[in-house]
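Participant: here are the coordinates; sequence isn't available:
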């Protein structure tokens, strides 16, 4: 995998589908992955990049293959830091990713602009990047604010927005019926399953389900070959920090970050050239649908077009559309920045 070294020494490894042959202007997708499933998750998209006039760059977050580990001090903040320390640490992750994207942009020269995509838990880090814009060097601010034309929160769980889990609702990491040592595999199956929810048009939590799986559609992880699973997962970062930033210890810091990135007037003005999207599937885990509903409700309350977020529902899709149906995934993403 190629990698980029930042001035502060942080290394980010990434995959790159390559420049579009004969294309002078095309969109570059920069994808930031989620929990456990890293850049390998998106490799089925790469063969479709050229024919769709796209360049696809998938970056591995820190602790994932090829990218820098965290220092002992940083890991200590993840585990035991106070809210202020955790907020500062998140902001630094945003700055590092912003500098990565700025560095990549100067290498690949994305004349057709950039679509910035945070998949699943990766939305935390995309929102950290969005919120930190004022702390970046002026030249970097200028390049990012003019080149990024789309910010897509792709299949974002509510915990990645810092939302408290509603009373009575569970995820595998908090399910008392799942032994602690079994929660990693249980999560992988759960998050990649197809769910049979009720009537989502009611926007009622009563229509969502925690574990009513579609018996006719196996979870994605159940149909992966061992070598495919190996090429797209790393379970070790979960215990170090992913399980922490996506659970209640980080709730306050993540919630404040969400509000800053999406609902702060100065931040949104800095990204005024970008359209914001929330995209989710109707057969995904309950907390992803719930997160989108929260954003829709908040926007109705604010009633200010300056904070606009566009919403797209992927009917019948589970959390792994990018692997299950890469052609559809490309079509849906392209629709976000071509309409």
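Facilitator: Alright, I've got the coordinates. Everything numeric here is computed off the predicted structure, so don't read it as measured data.

Participant: how many neighbours does the residue nearest to residue 284 when sequence neighbours are not counted have?
Facilitator: In space, not counting the residues next to it along the chain, residue 284 is nearest to residue 319; the distance is 5.1 Å by C-beta to C-beta, 6 or more residues apart in numbering. For glycine as for every other residue, the C-beta is placed from the backbone atoms N, C-alpha and C. Counted with other C-beta atoms under 10 Å, residues neighbouring residue 319 total 28.

Participant: repeat that for residue 24.
Facilitator: So residue 24, with other C-beta under 10 Å, has 7 neighbours.

Participant: can I assume it sits in a strand?
Facilitator: No. Looking at residue 24 with DSSP: H, G, I helix; E, B strand; the rest coil, it is coil, so not inside a strand.

Participant: what about residue 312, which SS state?
Facilitator: Going by three-state DSSP: residue 312 is strand.

Participant: please read the previous query as pertaining to residue 34.
Facilitator: Per three-state DSSP, residue 34 ends up coil.

Participant: any idea which residue of this structure is furthest from its center?
Facilitator: No residue in the chain sits farther from the centre than residue 22, which is 30.5 Å out by C-alpha atoms, centre = their mean.

Participant: how far away is that residue from residue 28?
Facilitator: According to C-beta to C-beta, to the nearest Å, residue 22 stands 16 Å off from residue 28.

Participant: in the stretch 151-300 of the chain, which spans are strands?
Facilitator: For the stretch 151-300 of the chain, the strands defined by DSSP state E, counting those that start in this stretch cover 275-281.

Participant: all helices of it, in order?
Facilitator: Remark: helices assigned in the stretch 151-300 of the chain by DSSP state H, counting those that start in this stretch are 183-191, 220-223, 226-232, 236-237, 243-245, 251-263, 265-270, 286-302.

Participant: nearest to residue 67, out of those?
Facilitator: For those, proximity to residue 67 was assessed by C-beta to C-beta; helix 236-237 is nearest, at 9.9 Å.

Participant: now find how far off-centre that closest one is within its chain.
Facilitator: Taking C-alpha atoms, centre = their mean, to the nearest Å, one finds the center of helix 236-237 at 17 Å from the center of the full chain.

Participant: and what of stretch 258-274?
Facilitator: That offset, for stretch 258-274, works out to 17 Å (C-alpha atoms, centre = their mean).

Participant: circling back to that earlier point, okay if I get the helices of the stretch 151-300 of the chain as a markdown table plus mean neighbour count, mean pLDDT and distance to residue 94?
Facilitator: A markdown table is the format used below for the helices of the stretch 151-300 of the chain (neighbours: other C-beta atoms under 10 Å; pLDDT from 0 to 100; distance: least, C-beta to C-beta, whole Å):
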| stretch | mean neighbour count | mean pLDDT | distance to residue 94 |
| --- | --- | --- | --- |
| helix 183-191 | 19 | 92 | 24 |
| helix 220-223 | 17 | 96 | 29 |
| helix 226-232 | 13 | 95 | 24 |
| helix 236-237 | 16 | 94 | 18 |
| helix 243-245 | 21 | 91 | 13 |
| helix 251-263 | 21 | 96 | 8 |
| helix 265-270 | 14 | 97 | 11 |
| helix 286-302 | 18 | 97 | 19 |
